[in-house]
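> Sequence and predicted structure below; questions after.
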Amino acid sequence: WFLNPKSPINKVWYLLMLLFLGKKNWGAGNYQLMLPTLPVPSLKKTCKRYLDSVRPLLSPEDYRETESAVTAFQNKEGKRLQFYLKLRSWTHRNWSSDWWIEYVYLKQRTPIPFNSNYYALGNLYPPTKSQLDRAAMLMHLSSKYKKDLVKGNVDNMMAQKLVPFCMDGTKYTINTCRIPHPDVDEIKVYPHNQIHHIVVIRQGKIYKIQVTTRDGRVFPPSLIKKQLEKVIEMAGDELDETGVMSFTAQSRPKWAEIRERMCKDPINKESLECIESAYHLYVLENDSAPPEAFTTLCQKVFHGNVYNRWFDKSISVIVFENGLIGCHVEHAPLDATVGGQFWEYMLLTEAYDENGIALQKPGAEKGFPTSSEPEELRWNMNGFENDLKESKEHLQAMIDDSDLIILCPSYGKRFPKKCRLSPDGYFQMALQLTYYRIHHCFVLTYESATTRLYYKGRTETIRPVSEHSKVWVEAMEDPTKSIEERKDLLKEAIKYQERYKFEAMRGMGIDRHLFGLYVIAKWLNVDPLPRLFQDKAFQMQFRLSTSQTPVQFVFPCNVEKSSIVGGFGTVVEDGYGVSYLVVGEDMVYFSIHSKRSCPTTSSQKFADTLYQSFEDMKALYEPNINTQ
């Protein structure tokens with residue numbers, strides 16, 4: 001149905017699904033038993049697709065070496081590894097998910113703020129300019145989210161309004177925190193019906209405020225706001241520069257060692273557990289930026305300062321003085337499609353009166369305690385002075401090295417749709433053209449695809465670089481090529497990317513398959529490892545890491561309330577992290593990240609070149625417009 005929904009067989013299948021399931025959405029998580037198991041792709045097809053994907057990136061000599069390694073793998077070691085992988089798939093509904101979170105995230109020993117976490121802004125113009133009203137409303141809704149999930153009041157994500165997505169990841173949106181350990185971190189989920197608080201950071205100080213009663217009822221916004229007013233009063237105007245939260249930006253072994261020492265003190269242990277178990281973490285910023293200052297806002301949301309982010313917390317919500325908001329997400333358990341649905345739930349559910357006061361039902365405070373007071377968390381940092389100094393300097397150095405720029409080209413998805421081109425493929429080709437114009441070469445490129453059509457599905461890699469995209473980019477830089485030739489080549493490049501995307505969403509990509517075979521090889525103690533896993537092509541890094549930030553999951557499209565941009569950091573020292581979010585028909589916002597310490601990359605140059613790439617691509621179809 002996914003690749004060919006118009007085929008007669010698929011139409012019959014669609015009608016049968018409607019007959020048995022109906023059009024009513026049963027609620028998030030109620031389709032889990034119906035989800036298919038993740039398939040194991042054909043070894044032969046994976047090897048062929050892998051060769052196709054690396055050919056544009058290698059010299060003829062290197063490609064012959066890779067081809068030899070792949071052929072040997074397919075005919076020899078690969079068969080044995082494939083057998084064991086299929087064996088695992090018979091006992092696991094998703095053979096990849098447990099390995100993926102362990103090896104890619106929890107065993108990652110580098111700091112997570114820029115190497116793993118991601119961020120998103122809220123809507124462009126806030127529905128209220130009152131910081132505390134908006135914070136109180138969002139706290140009310142974020143505390144209520146889990147209860148709505150349990151009651152079935154949040155719709156299950158669906159493909160074509162019929163086929164359910166896996167909702168397993170939603171359990172990590174509430175009362176969840178990443179816990180550091182020396183070798184492998186842990187994702188800890190606390191029982192939401194036993195937790196009744198949110199933690200708030202203000203002026204480098206951390207406060208615990210009650211948001212639910214002991215019997216699970218969520219405080220109305222007005223009562224939460226009263227506690228926030230007290231937080232503002234208690235925090236005062238002086239910044240607490242202790243900086244305990246900077247520990248979470250350290251390398252994972254270093255942070256694990258510090259946390260172990262902290263837990264020996266009952267005061268520290270209690271404060272740590274309070275943060276880690278909380279529904280969410282909120283930051284009340286004491287400054288802001290105008291709505292149009294996208295870059296400044298995104299920088300603040302992405303990394304904050306040294307004193308106002310707890311990077312291990314699954315979801316943190318940042319509220320600025322002028323009512324603008326953003327969220328910061330720890331990536332290990334939460335892919336963007338899961339975190340995005342939570343974010344969208346709040347953006348499209350919040351409501352205020354004409355004075356910007358959070359709306360609630362008449363008499364909403366009845367039956368709730370009216371004397372709840374915030375509690376400031378305490379720390380005993382005796383003996384941690386050097387750790388604090390090192391951690392704050394380390395985080396500040398990473399912030400200073402972060403080069404984040406936001407770009408909105410002159411048009412959005414309406415134009416490529418008008419030209420009968422896939423908007424996502426079109427944007428990907430613009431990124432390829434941009435990278436080539438700056439660096440004069442082609443690089444391994446990552447684009448994420450969701451595999452949540454399968455049980456516990458997460459992501460698969462789309463490799464948009466192909467012989468088609470390479471030929472088109474070169475034609476764009478070749479003055480002898482005609483407009484019609486360039487258009488034809490662009491169409492073929494986009495078709496390839498679109499086919500690859502759908503195959504990836506069906507679980508037929510190559511990267512997770514090769515990852516699984518690699519893990520099996522390590523598990524079987526294969527020594528030496530197959531030549532494929534030691535080959536130059538396999539060792540290449542994704543210097544261009546991209547993703548389309550998902551929006552409009554289960555709620556009707558509302559551009560005014562939609563998130564406008566989100567993003568993540570580069571995964572390599574000399575690369576780019578590029579996320580793009582489509583807003584309505586005529587806007588697309590790009591978040592472009594690189595490192596200032598790298599002499600060969602520049603986010604501003606990438607943004608300027610990308611803007612021109614959009615104009616030049618538009619000129620292929622409107623040759624008379626001025627693109628300069």
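Cool, got the structure. Numbering: from 1, shown residues only.
> Which positions in stretch 112-129 come out as buried?
112-124, 126-128 (16 or more other C-beta atoms under 10 Å). Placement of C-beta: from N, CA and C, glycine included.
> Equivalent analysis for stretch 269-278, please.
In stretch 269-278, counting by 16+ other C-beta under 10 Å, buried: 271, 272, 274, 275, 276, 277, 278.
> shaky segments in the stretch 251-400 of the chain?
Along the stretch 251-400 of the chain, the model assigns pLDDT under 70 to no residue.
> can you rerun that using 80?
Per-residue confidence for the stretch 251-400 of the chain (pLDDT under 80) gives these ranges: 291-292.
> now the helices for it?
In the stretch 251-400 of the chain, the helices defined using DSSP state H, counting those that start in this stretch lie at 252-262, 266-277, 294-303, 336-349, 385-401.
> other SSEs contacting the second one?
Helix 266-277 sits against strand 176-179, strand 197-202, strand 205-210, helix 252-262, with contacts defined as 3 or more C-beta pairs under 8 Å, 6 or more residues apart in numbering; DSSP states H and E.
> Need those in a markdown table (columns: mean neighbour count and distance to residue 365).
Output for these, formatted as a markdown table (neighbours: other C-beta atoms under 10 Å; distance: least, C-beta to C-beta, whole Å):
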| stretch | mean neighbour count | distance to residue 365 |
| --- | --- | --- |
| strand 176-179 | 23 | 29 |
| strand 197-202 | 25 | 18 |
| strand 205-210 | 22 | 14 |
| helix 252-262 | 18 | 38 |
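> between the ones you listed, which gets nearest to residue 458?
Closest to residue 458 of those, according to C-beta to C-beta: strand 176-179, at 15.9 Å.
> rewinding a little: nearest to residue 548 among the helices and strands packed on helix 266-277 would be which one?
Using C-beta to C-beta as the measure, strand 176-179 is the one of those that comes nearest residue 548, at 25.0 Å.
> next one: that closest one to chain centre, how far?
In terms of C-alpha atoms, centre = their mean, to the nearest Å, the centre of strand 176-179 is found 17 Å from the chain centre.
> Now do that strand: which elements does it pack against?
Contact here means 3+ C-beta pairs under 8 Å, 6+ apart; on that basis strand 176-179 packs against strand 186-189, helix 266-277.
> among the ones you listed, which is nearest residue 438?
Nearest of the helices and strands packed on strand 176-179 (C-beta to C-beta): strand 186-189, 37.8 Å.
> Name the strands paired with the closest one and say parallel or antiparallel.
strand 176-179 (antiparallel) (DSSP bridges).
> I'd like to check what contacts the strand it pairs with. Which residues are they?
Contacts with strand 176-179, where a contact means C-beta atoms under 8 Å, 6 or more residues apart in numbering, come from 106, 112, 185-190, 259, 275-277, 312-315, 330, 332-333.
> how about a cut-off of 7 Å?
185, 186, 187, 188, 189, 276, 312, 313, 314, 330, 332, 333 (C-beta atoms under 7 Å, 6 or more residues apart in numbering).
> residues in contact with the third one?
Looking back up the chat, that one is residue 187. Shown in contact with residue 187 (C-beta under 7 Å, 6+ apart): 172, 176, 178, 332, 333.
> Just the buried residues out of the contacts of strand 176-179, in PyMOL syntax.
Typed into PyMOL, the line below selects the buried ones among the contacts of strand 176-179, using 16+ other C-beta under 10 Å:
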select buried, resi 185+187+276+312+313+314+330+332+333
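> what's the closest of the helices of the stretch 251-400 of the chain to residue 417?
With respect to residue 417, and counting by C-beta to C-beta, the nearest of those is helix 336-349 at 22.2 Å.
> and that closest one, what does it pack onto?
The criterion is 3 or more C-beta pairs under 7 Å, 6 or more residues apart in numbering; DSSP states H and E, and the helices and strands that helix 336-349 contacts are helix 131-151.
> and the angle from the helix it packs on to strand 205-210?
Orientation of helix 131-151 against strand 205-210 (axes from the mean of the first three to the mean of the last three C-alpha atoms, to 10 degrees) gives an angle of 50 degrees.
> which SS state does residue 222 fall under?
When classified by DSSP: H, G, I helix; E, B strand; the rest coil, residue 222 comes out as helix.
> Spit out the contact partners of it.
Taking C-beta under 7 Å, 6+ apart, one finds 360, 364, 365 in contact with residue 222.
> Among those, name the ones in strands.
Applying DSSP state E to the contacts of residue 222, no entry is found in strands.
> one step back: which of the buried residues of stretch 269-278 lies closest to residue 467?
residue 276 (49.1 Å).
> Against residue 188, how distant is the residue lying closest to the closest one once chain neighbours are set aside?
Nearest non-adjacent residue to residue 276, counting by C-beta to C-beta, 6 or more residues apart in numbering: residue 177, 3.8 Å away. Per C-beta to C-beta, to the nearest Å, residue 177 is found 6 Å from residue 188.
> ditto for residue 95
25 Å.
> before we move on, back to that, with the contacts of strand 176-179 in mind, which one is nearest to residue 397?
Relative to residue 397, the closest of the contacts of strand 176-179 is residue 312; by C-beta to C-beta it sits at 19.5 Å.
> Tell me who's in contact with that closest one.
Residue 312 is in contact with 177, 178, 248, 330, counting by C-beta under 7 Å, 6+ apart.
> Now it. Its backbone dihedrals?
The phi and psi values for residue 312, taken as degrees, to the nearest 10, are phi -80, psi -20.
> distance of it from residue 178?
Remark: distance between residue 312 and residue 178 (C-beta to C-beta) = 4 Å.
> for the stretch 401-550 of the chain, what are the low-confidence residue spans?
The stretch 401-550 of the chain contains residues with pLDDT under 80 at 549-550.
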